[in-house]
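Asker: Predicted model and sequence follow; I will ask about them next.
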Amino acid sequence: MSVSRNSRMLHYVNYRMRVTLDDGRTLVGRFLAFDKHMNLVLAETEEFRKARKKKGQSAPTGEEKRALGLVLLRGEYVVSLSVAAPPPASTKD
């Protein structure tokens, strides 16, 4: 018996996920939703990308980080998806 990709992906809702895009950027955010085209919705997202090297430097200056918030990613641009952190523990009183 085979488990569909959708049911496996549902286990990761609310996990903090790391998504690599085809242009080399990496996004880290809370995984909220997906569809059959692998379009993704991430909340509290941060973007990480390699900084361009400046004139006269032989190597890039490092990695740049910026906050994006709520993001909808087209599945066509997603190269990889991995777990960055488990979902936060629910606090029920």
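Answerer: Good, I have the coordinates.
Asker: And the closest residue to Arg30 other than its chain neighbours, how close does it get to Asn14?
Answerer: Spatial nearest neighbour of Arg30, chain neighbours left out: Ala43 (4.5 Å); criterion: CB to CB, 6 or more residues apart in numbering. (C-beta placed from N, C-alpha, C; glycine too.) Per CB to CB, to the nearest Å, Ala43 is found 9 Å from Asn14.
Asker: How about Asp23?
Answerer: Distance of Asp23 to Asn14, given as CB to CB: 27 Å.
Asker: before we move on, back to that, report all helices and strands that the host helix or strand of the residue nearest to Arg30 contacts.
Answerer: Using DSSP states H and E, Ala43 sits within strand 40-50. On a contact count with 3 or more CB pairs under 8 Å, 6 or more residues apart in numbering; DSSP states H and E, strand 40-50 meets strand 16-21, strand 26-34, strand 63-73.
Asker: ok, how many other residues are close to the residue lying closest to Leu70 once chain neighbours are set aside?
Answerer: For Leu70, ignoring the flanking residues on the chain, the nearest one in space by CB to CB, 6+ apart is Ala43 at 5.4 Å. Look at Ala43: counted by other CB atoms under 10 Å, it has 15 neighbours.
Asker: Equivalent analysis for Arg30, please.
Answerer: Neighbour count for Arg30, taken as other CB under 10 Å: 19.
Asker: May I have the beta-bridge partners of it?
Answerer: Arg30 forms beta bridges with Arg16, Ala43, as assigned by DSSP bridges.
Asker: Now do the same contact list for it.
Answerer: Arg30 makes contact with 14-17, 42-45, 87, according to CB atoms under 8 Å, 6 or more residues apart in numbering.
Asker: part of a strand, is Met9?
Answerer: No - read with DSSP: H, G, I helix; E, B strand; the rest coil, Met9 is helix and lies in no strand.
Asker: picking that back up, touching both of Ala43 and Asn14, which residues are there?
Answerer: Common contacts of Ala43 and Asn14 (CB under 8 Å, 6+ apart): 30, 32.
Asker: ok, back up a step: so which of the contacts of Arg30 comes closest to Arg74?
Answerer: Leu42 (12.4 Å; CB to CB).
Asker: Distance of the nearest residue to that closest one once chain neighbours are set aside relative to Val19?
Answerer: In this structure, Leu42 finds its nearest non-sequential neighbour in Gly29, 3.2 Å apart by CB to CB, 6+ apart. From Gly29 over to Val19 the distance is 8 Å, taken as CB to CB.
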